[in-house]
Structures are given as C-alpha cells and as structure tokens.
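Peer 1: sequence first, predicted coordinates after that:
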Amino acid sequence: MKRKVVGFSHMSEKLIEKELVSSPFFFASADSSMLASGIEQSFRQSIPFSALADKAKEMLESAKIDECDNPVLFGVVPFNQDYPTQLIIPETLYVSSSPRAQKKPLALLSQANVVSQPSGHHYKQGVANILEMFNQNILSKVVLSRAVEVATELEINQSDLLHNLLAINSRGYTFAADLASGSKLMGASPELLIAKRGSHMISNPLAGSRPKSLSAAENLTAKESLLNTSKDLHEHGLVVEEVEKVMSKYCRNLYTPMVPSVIETESMLHLSTVLEGQVDQDDLSVLQVAAELHPTPAVCGHPRHSAYEAIKHLETFERGYFTGMIGWCDSRGNGQWVVTIRCAEVKSNQMKIFAGAGIVSESQPQSELDETGAKMKTILSAAGIQFDEQLTA
C-alpha cells in the first residue's frame, strides 16, 4: 500500500472533488483525513464480531512489504453480524490534516420527495410496545430506529454533500464508503466508539439527547435539563457502565468522569462522557476492543440480547450498516472506530436516511419521534433537503 501525505487544500479541492465518487473509502476526524484510492485487498461477507480483529490482522500482515511497513485497513461493520462486513486495504492512501471545508449550496429543496417511510403513528406504537415490555421487567432500554427514503429530481453531488458534512461536523467524524448495493454510505457521526494511539485508549459514548434550537437561551435550558433529568441520566449511565466494563479488561489507570457533560452537534445536544486509559498490551488491536463493545446500549439497548430481539421484532426494515461501526486500524493496532449514525445510503437520485432514539421507562412516544426527526436533519441539511412536517407526522 502506498501512502501519500498531501495538503488539506489538495485533499479538499482536488481529491474530494475529483476522486470521491471512485474512492472506496473516506474518513475524517477533527485533526486528519484519509482518502483511499484503488483496492489492494477486500473482504465482504458475514463474520462473527469476535473474529474481526483476527481477520483484519491476517489481511494487514499479508499487505506488508517488510516488517517496518504499516498498512491501513478500513472497515464498515453492520449492526447485525449476520449482515456482510466490508474490509478493504487500498492501493494508495492519501492523508492530510482535516479539510477546511465550506458549506456548498445544494439546490434540492423544491425537487425532493419522501417516497418511503413508516408513519409516525407506527413508530410511536413501537415505543408504546417497548414501554409495555419494561412493565414486564424484560428490558431497561431499547433503541428504536426508523428509515426514510428521499427521491430527488436533481442528481445528488456526493462531493458537495461531503463538503457540507465536513463543514457542520468539524469536531466529529465524517465518512463515505462504497457499498456493494452501488450506493455510498455517507455520514457525520459525533460518537467515538473506541480509538487507540500507541498505548492510549479513549471512548466517547453519547446517550441522552435534545434537539438543538436556534435560540441560545433555549439551548442553555435544554443542557440544564439533560444534566438534571433522571430519564436521560439513567439512559446515559447504562451506556457508560457497559463501555467502562469492557475497557477495564484492557486498560490500566482507566479514568471515567463521575458525571457527564453536554456536547453540541449541528442539530442535537447530547450527554457525553470521555473514558481514557492506558492499554496493558501495546500490540492490542483497537478492533478487538471495538468488536467487544459493539453494539453498545447507545444503539441497541440493555440487556443487549433482549434489546436486540425486541428490535428485530419491532423494526420493519433492515438496519444494515446503520448503528454499526465504521473506521480504520493499522498493523500496529492503532485506529479509530465510530458509531455509524447521522448517516444515509446515497445513490445518484435517492437517499435512505436513518435515525433512532433510546427508549427507557420514562420515554414519551411523541418526544422520541421528534428526536428521530431532529437527528435526520444532520444529513438532510447537508443535502439541502427540508421535510420537518413529514418526518414527525
């Protein structure tokens, strides 16, 4: 695998503009961006999550030119391990600091239509069904999702869409990956599942949310509410407890803040906790820890197996890669894996957009429906599409 370091302007103005459509993978964080060109190795089939790290190690070892070489592998892992996982090692990897992206206007507002979505009533009934399960003491949290398909008269410019996602998500993680269906999975995730740099390991789970307002005063009230509402604190605590349990198996000096903070994205406010520690094994693969964490209660529920069974019963669509994980790792075990949220499967004239909400015993069906609509705004606004009324009806 060839690796080329380029300037952020070259990445933004040349590579994203001209190579994104043909690129199998793009990934950006707050401090760097990577664009793959060509495919040296690929893997696409269902695989147990517990076997992911070994498969990645096998591919990375075979891609080494010599013992000092450090190839990089990219992956798209589904929510359900029976769905195909996609792993690639590119022929060439372009790396830069994060592009200084500027929003680009996309003229789709009056030329887009919702062509498929479950009704709001159907989603609220699903929430009601979950609340009934809580009364039976089967579960303590379930993340219920929905999908909306949007058709556009004008062709969706993937480069412009990515630029807009980068512009509104400068502190998060932005991605674009080819799927076997011929679509491209594109999104702007705020949630770091796990990252490893040398011996340092970090995770940033998010759970407990409020839609963001245009009013600073309303946002301040919403932040205070997040930090003072038992429903949100309970939902967040379930996720942090699970992440802490897994990380403590691999880390020494693990630090977990005693209380969460609040972070902002383009459309949402989230309770956030950053967990950090030092790994016991320097050669530990970040993908091994990611696979054990996935799926966290932030995207599945608690207990995991019971929540997954409820999701399978209540959701009327295949999540695929939504609420899976997406990211990269190298042959030395370093890497970043993020939760695949705030995303869509994008074709030339169509987008399938996903969003979910964590349901706990204090949840209100209409509030959870409103939350999914607000979360969809990240990708919709980046594409120039606005459907507020239809998304919460």
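Peer 2: Cool, the structure landed. Numbering: from 1, shown residues only.
Peer 1: hmm, Leu369 is touching His122, no?
Peer 2: No - using CB atoms under 8 Å, Leu369 is not in contact with His122; the gap is 9.8 Å. To be clear about C-beta, it is placed using only N, CA and C from the backbone, and glycine gets the same treatment.
Peer 1: comparing those two, which shows the higher neighbour count?
Peer 2: More neighbours surround Leu369 than the other of Leu369 and His122, with 24 against 13 (other CB atoms under 10 Å).
Peer 1: where does the prediction get shaky in this protein?
Peer 2: 100-112, 115-118, 386-393 (pLDDT under 70).
Peer 1: quick one, helices of it?
Peer 2: Remark: helices assigned in the chain by DSSP state H are 8-10, 17-19, 52-63, 120-135, 158-168, 216-226, 230-250, 286-293, 304-314, 365-382, 388-391.
Peer 1: ok, and which of the ones you listed has the densest surroundings?
Peer 2: Neighbour counts (mean count of other CB atoms under 10 Å) averaged over each of the helices of the chain peak at helix 286-293, with a mean of 24.
Peer 1: next one: Ser46 from Leu254, what distance?
Peer 2: For Ser46, the distance to Leu254 equals 32 Å [CB to CB, to the nearest Å].
Peer 1: the two: which has the busier surroundings?
Peer 2: The residue with more neighbours, out of Ser46 and Leu254, is Leu254; 16 against 11, by other CB under 10 Å.
Peer 1: give me the longest strand you can find in the chain.
Peer 2: Determined from DSSP state E, the single longest strand within the chain is strand 141-152.
Peer 1: sheet-wise, list the partners of it with their directions.
Peer 2: Using DSSP bridges, the strands paired with strand 141-152 are strand 112-116 (antiparallel), strand 301-302 (antiparallel), strand 350-359 (antiparallel).
Peer 1: which residues touch the second one?
Peer 2: The contact list for strand 301-302 (CB atoms under 8 Å, 6 or more residues apart in numbering) reads 139-143, 238, 242, 307-308, 310-311, 358-359.
Peer 1: make CSV out of those residues and add distance to Met351.
Peer 2: Output for these, formatted as CSV (distance: CB to CB, whole Å):
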residue, distance to Met351
Leu139, 32
Ser140, 34
Lys141, 29
Val142, 26
Val143, 22
Leu238, 31
Glu242, 32
Ala307, 27
Tyr308, 26
Ala310, 27
Ile311, 23
Gly358, 24
Ile359, 25
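Peer 1: hang on, the earlier thing: just how off-centre is the longest strand of the chain within its chain?
Peer 2: Distance of strand 141-152 from its chain centroid, counting by CA atoms, centre = their mean, to the nearest Å, is 14 Å.
Peer 1: mind listing what's buried along that strand?
Peer 2: Residues of strand 141-152 classed as buried: 141-150, 152 (neighbour count, 16 or more other CB atoms under 10 Å).
Peer 1: from those, which is closest to Leu227?
Peer 2: Taking CB to CB as the measure, Leu227 lies nearest Lys141 of the buried residues of strand 141-152, at 19.0 Å.
Peer 1: right, and the closest one touches Glu235 too?
Peer 2: Yes - contact criterion CB under 8 Å: Lys141 and Glu235 qualify, at 6.2 Å.
Peer 1: which residues do the two both contact?
Peer 2: Residues within reach of Lys141 and of Glu235 at once, by CB under 8 Å, 6+ apart, are 358, 360.
Peer 1: name the residue most distant from the centre of the chain?
Peer 2: Of all residues in the chain, Asp66 has its C-alpha farthest from the mean position, at 33.6 Å, by CA atoms, centre = their mean.
Peer 1: residues in a beta bridge with the residue lying closest to His294 once chain neighbours are set aside, which ones?
Peer 2: The shortest distance from His294 to any non-neighbouring residue, by CB to CB, 6 or more residues apart in numbering, is to Met325 (5.2 Å). Met325 has these beta-bridge partners by DSSP bridges: Val77, Val339.
Peer 1: surely Met325 meets Cys343?
Peer 2: No - Met325 lies out of contact with Cys343 (CB under 8 Å); the separation is 11.6 Å.
Peer 1: sorry, back to before: how about a markdown table for the strands paired with strand 141-152, with distance to Ser9 and mean neighbour count added?
Peer 2: Converted to a markdown table, the strands paired with strand 141-152 look like this (distance: least, CB to CB, whole Å; neighbours: other CB atoms under 10 Å):
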| stretch | distance to Ser9 | mean neighbour count |
| --- | --- | --- |
| strand 112-116 | 31 | 14 |
| strand 301-302 | 44 | 26 |
| strand 350-359 | 28 | 25 |
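Peer 1: make a markdown table out of these and add distance to Ala180.
Peer 2: What follows is those, written out as a markdown table (distance: least, CB to CB, whole Å):
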| stretch | distance to Ala180 |
| --- | --- |
| strand 112-116 | 21 |
| strand 301-302 | 28 |
| strand 350-359 | 15 |
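Peer 1: which of these sits closest to Asn169?
Peer 2: Between Asn169 and the strands paired with strand 141-152, the tightest spacing by CB to CB is seen for strand 350-359, at 15.5 Å.
Peer 1: now the angle from that closest one to helix 120-135?
Peer 2: 30 degrees (axes from the mean of the first three to the mean of the last three CA atoms, to 10 degrees).
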